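Asker: generate a structure from the sequence data that follows.
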Amino acid sequence: MKGLSTIKRTLRGEVRTSTAALEAVRRMNVRLQQRRERAQLEQLNRQAARLTPEFGSMPRADLLAHFRQREAPKFFPGFVDAANSARLQREIFPEETQALLAHAERIAKEHCWPLLGFGEKCFGGNEIEWNRDPLSGINWPREYHADINLLRGDGSDARVLWELNRLSQLITLGRAYAVVSEARPPGGASFDGESLSQEFLRQVGSWRAQNPVGRGANWACAMEVALRAMNLLGAFFLFLSAARLDEDALAELLMIFDQHGAHIRRNLEYSHISTSNHYMCDVAGLLWLGIMLPELQDAAEWREFGLRELLNEIDKQILADGADSESSTGYHRLKLELLIYSFVLCRANGIDIDGKYWQKLRAMADYVFAYLRPDGRAPLIGDSDSGQIFPIVKREGDDHAHLLSLAAAVFQESRFKIAGTEASGVGHAGGGRTQELLWLLGEQGLRDYESLPDAPPANSQAFADAGIYILRADDLYLLFNASGCGLKGRGSHGHNDALSIEVSAGGTSFIVDPGSYIYTHNLHERHLFRSTAYHSTVQVDDVEQNTTNETTPFVIGDEAHPRVLDWQTNSDFDYVVAEHSGYGRLHQPVTHRRSVRFDKRNKFWLIEDEFSGAGSHKLTTRFHFNTGLDTSIYEGMAVLAHDRQSGARLLVDPLDIDEQPQFEQLFTSRDYGDKQPSTAAAWQVVAEMPLRLRWVLLPLRRPEDELERLSAVRSLLR
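Answerer: Presented below is the predicted three-dimensional model:
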């Protein structure tokens, strides 16, 4: 019973005794499995690919011919017809094609490529150092994977090492190989298909030599093994026709695929208490390997298990309104990519998926459509590590619009064809067509997309299960966040952002969630970016809304429990009210209730913060402004934010405070590993409870509008 109580205590949230008992048994079995695996590491590393009897007895030359000639299974349509995709790549995306070839040349000749938000990194001259941490320069140990300590406290970051070892750069090499094989390289590129295929095999060989099965950090997380296998599958099918991919190379690649699938199956990141994006990626990796490599003896079991578990995880992890249950838009992007790619792969191979799961996938796209700001970028609610599934194009953490292009073509749904999505970043050319659309769905996918009319403008929308409310009209946008910490109170990717807001106006994002910046590389910075003080909400007595500890970067308490009390929307106004109990643990408890009213006719938002309780408390209200804005005091108490580039302005006017705000120098991160300086305006009062504070958020088009607009709104609110 002591073991059961320990599990219930460490895993947080309400856990039934029967569930805790199942988890205790599972953990015991995991320890036994790891003991067996540890004893077999040398054998597992030497073991050739375990093929079915039919293919195991086939001469190696015949096996290579089989792979090159087989018509089934089918990979993504754009990969199956790679020559045509390469031609369309050059015609539709000429600038992106030049960039693709330049990136491929840097990868092949210098071993340099962009890594998350850190910019371009180089990973070794003659041979890539796969276990050297890109941030600290420290070599990760080659110990048994379950013994690796991922929180080293030495400036290293497993997340960054894993990004290097996902091998997504091999997809870039493969696409460049298709382009240069289809025609002479444009712009005098000094490489050809043969050199690219040689580099592909060289990198795969050096990776395997430095990462024996089950040893080192690159085997310590089954999710990473799965994502690496998926990227390797894509590169494998692009290079399959290369002369250098001979019988020996095929044997090694099949061995690597078999080792990856078997390792995932032995080390699934499952728990009876809760599962997350990790387990979803584990089973998707098995599904992809099982579909695409039926020649392996375990492929059928991987395919059946992977599909069954993937659908079960959709039921568990995706809320009824289509949002991810982890309270994170970054991980929502990851899961939507994972699921839409997996569903397309299943459809291409005649694998039936029940319509209710296609409807859930559509609801996930609906959520993205609703939360994208007018500038085409996503608010980074909760954690975001900029992770991507099968990244054909490297996208920043807040670039989610490409998923709508795919959803538009997959569902033949014009609602998702957003005019002008090319503003959201690289890869959007010609009315929102993306390189992902070409390579995943092929020429027919492009035609399906182009046949659709543009989507109508997004309207205000509520996602009650997620706790996210969007109040918008024309180019005015406010996101109200009443989400919990995620995963039914056991979340690890939620932030202390209850009742916080994001605001955009006039094409400018003014008030933002700061993002995540970093995980284990700097625990103090990690702690700051998920803190209450970094979000546009109210902090009471300098206490966190949910308990956090700097030394446990993926543990967050569940004290706040935000709940929405009212939601209304019509052509004249939107109105939402919510409260949270995160300050109920104070000696004299306080409940924070916030309402937002969006006056669509007069174009402003009114925020009311009400505090119920007793005693005197310090209240700090913050509005976290985006990077690159000019902020100044206006008429003594208000703050004016100005975007010089667009000319747009936003006035934040306190109606019940006569004190001047303080400007706090903070940071904002759009991409993992990148942070830019930004400013928060903080109004602080010490007062007896109960109390009400009000704020007007007033968009302004021109400087001469300021006094007239402000006077009119103040008169309206009297």
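Asker: my guess is residue 217 meets residue 131, correct?
Answerer: Yes: the pair residue 217 / residue 131 is scored as a contact, 7.1 Å apart, by Cβ atoms under 8 Å. C-beta coordinates here come from the backbone N, C-alpha and C atoms, glycine included.
Asker: mutual contacts of the two, please.
Answerer: Common neighbours of residue 217 and residue 131, using Cβ atoms under 8 Å, 6 or more residues apart in numbering, are 140, 161.
Asker: those two: who's more crowded?
Answerer: Neighbour count, other Cβ atoms under 10 Å: between residue 217 and residue 131, residue 217 has more, with 25 against 19.
Asker: doesn't residue 241 lie inside a strand?
Answerer: No: read with DSSP: H, G, I helix; E, B strand; the rest coil, residue 241 is coil and lies in no strand.
Asker: burial of residue 660, as a residue count?
Answerer: Quick note: residue 660 (other Cβ under 10 Å) scores 14 neighbours.
Asker: tell me the SS of it?
Answerer: Recorded secondary structure, residue 660: coil (three-state DSSP).
Asker: hang on, it packs against residue 632?
Answerer: No: assessed by Cβ under 8 Å, residue 660 is found out of contact with residue 632, at 11.5 Å.
Asker: all helices for the stretch 251-400 of the chain, in order.
Answerer: Along the stretch 251-400 of the chain, counting by DSSP state H, counting those that start in this stretch, helices occupy 277-292, 299-317, 329-348, 355-371.
Asker: ranking those by burial, who's on top?
Answerer: With neighbours taken as mean count of other Cβ atoms under 10 Å, those reach their highest mean count in helix 277-292, at a mean of 26.
Asker: show me what that helix is packed against.
Answerer: With contacts taken as 3 or more Cβ pairs under 8 Å, 6 or more residues apart in numbering; DSSP states H and E, helix 277-292 sits against helix 222-239, helix 247-266, helix 299-317, helix 329-348.
Asker: compute the inter-axis angle for the shortest one and helix 329-348.
Answerer: The reference is to helix 222-239. 50 degrees (axes from the mean of the first three to the mean of the last three Cα atoms, to 10 degrees).
Asker: how far does helix 222-239 sit from the chain's center?
Answerer: Distance of helix 222-239 from the chain centroid (Cα atoms, centre = their mean, to the nearest Å) equals 18 Å.
Asker: one more: the third one?
Answerer: Chain-centre distance of helix 299-317: 21 Å, with Cα atoms, centre = their mean.
Asker: give me the contact list for that helix.
Answerer: Contacts of helix 299-317 (Cβ under 8 Å, 6+ apart): 52, 261, 265, 275-277, 279-280, 283-291, 293-294, 296, 324-326, 335, 339, 342, 346, 351, 353-354, 357, 360.
Asker: that one - what's its average pLDDT?
Answerer: Averaged over helix 299-317, pLDDT sits at 98.
Asker: can you list the neighbours in contact with stretch 602-612?
Answerer: Applying Cβ under 8 Å, 6+ apart, the contact partners of stretch 602-612 are 471, 473, 476, 478, 501, 503, 538, 540, 590-599, 617, 619, 621, 689-699, 712-713, 716-717.
Asker: the residues you listed, buried ones only, as a ChimeraX selection?
Answerer: The buried residues among those can be selected in ChimeraX (16 or more other Cβ atoms under 10 Å) with this line:
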select :471,473,476,478,501,503,538,540,590,591,592,593,594,595,596,597,598,599,617,619,621,689,691,693,694,695,696,697,698,699,713
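Asker: now intersect the contacts of stretch 602-612 with the helices, please.
Answerer: Mapping the contacts of stretch 602-612 onto helices (DSSP state H) picks out 712, 713, 716, 717.
Asker: can you tell me which two in these are farthest apart?
Answerer: Within the ones in helices among the contacts of stretch 602-612, 712 and 717 form the most distant pair, 9.9 Å apart (Cβ to Cβ).
Asker: sorry, back to before: possible to save the helices and strands packed on helix 277-292 as JSON lines with distance to residue 370?
Answerer: Below are those laid out as JSON lines (distance: least, Cβ to Cβ, whole Å):
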{"stretch": "helix 222-239", "distance to residue 370": "28"}
{"stretch": "helix 247-266", "distance to residue 370": "34"}
{"stretch": "helix 299-317", "distance to residue 370": "19"}
{"stretch": "helix 329-348", "distance to residue 370": "11"}
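Asker: can you check which of those helices gets nearest to residue 376?
Answerer: Of all these, helix 329-348 comes closest under Cβ to Cβ, at 13.7 Å.
Asker: okay, the angle between the closest one and helix 299-317?
Answerer: Going by the same axes, to 10 degrees, helix 329-348 makes 140 degrees with helix 299-317.
Asker: follow-up on the earlier one: could you dump the helices of the stretch 251-400 of the chain to a markdown table with distance to residue 392?
Answerer: Shown next, in a markdown table, are the helices of the stretch 251-400 of the chain (distance: least, Cβ to Cβ, whole Å):
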| stretch | distance to residue 392 |
| --- | --- |
| helix 277-292 | 15 |
| helix 299-317 | 21 |
| helix 329-348 | 10 |
| helix 355-371 | 18 |
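Asker: could you point out which of those helices sits nearest residue 672?
Answerer: Per Cβ to Cβ, nearest to residue 672 of the helices of the stretch 251-400 of the chain: helix 329-348, 8.6 Å.
Asker: list the contacts of stretch 33-52.
Answerer: With Cβ under 8 Å, 6+ apart as the criterion, stretch 33-52 contacts 56, 144, 146, 212-215, 251, 254-255, 257-259, 262, 266-267, 294-299.
Asker: now with 7 Å, please.
Answerer: 144, 146, 212-215, 251, 254-255, 258-259, 266, 295-298 (Cβ atoms under 7 Å, 6 or more residues apart in numbering).
Asker: same deal with stretch 151-167?
Answerer: Here stretch 151-167 has contacts from 115-116, 123, 130, 133-136, 138, 140, 150, 207, 217-218, 221, 224, 227-228, 231-232, 385, 518-521, 673, using Cβ under 7 Å, 6+ apart.
Asker: just these: which are in strands?
Answerer: Among the contacts of stretch 151-167, none falls in strands (DSSP state E).
Asker: if you tally nearby residues, what's the number for residue 73?
Answerer: Residue 73 has 17 nearby residues by other Cβ under 10 Å.
Asker: just checking, it touches residue 293?
Answerer: No: using Cβ atoms under 7 Å, residue 73 is not in contact with residue 293; the gap is 8.4 Å.
Asker: buried sites along stretch 166-183?
Answerer: Quick answer for stretch 166-183 (16+ other Cβ under 10 Å): 166-182.
Asker: next, residue 480: phi, psi?
Answerer: Backbone dihedrals for residue 480, given as degrees, to the nearest 10, come out at phi -110, psi 120.
Asker: for it, which non-adjacent residue is spatially closest?
Answerer: residue 469 (4.3 Å; Cβ to Cβ, 6 or more residues apart in numbering).
Asker: with residue 615 instead?
Answerer: Per Cβ to Cβ, 6+ apart, closest to residue 615 is residue 588, 3.6 Å.
Asker: now do the SS call for the one you found.
Answerer: coil.
Asker: sorry, back to before: quick one: the helix or strand where the residue nearest to residue 480 lies to chain centroid distance?
Answerer: According to DSSP states H and E, residue 469 maps onto strand 468-473. Computed by Cα atoms, centre = their mean, the chain-centroid distance of strand 468-473 equals 21 Å.
Asker: show me what that strand is packed up against.
Answerer: For strand 468-473, the elements it packs on are helix 355-371, strand 476-481, strand 573-580, judged by 3 or more Cβ pairs under 7 Å, 6 or more residues apart in numbering; DSSP states H and E.
Asker: including mean pLDDT and distance to residue 648, could those go into a markdown table?
Answerer: As requested, the helices and strands packed on strand 468-473 are exported to a markdown table (pLDDT from 0 to 100; distance: least, Cβ to Cβ, whole Å):
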| stretch | mean pLDDT | distance to residue 648 |
| --- | --- | --- |
| helix 355-371 | 98 | 20 |
| strand 476-481 | 98 | 11 |
| strand 573-580 | 98 | 21 |
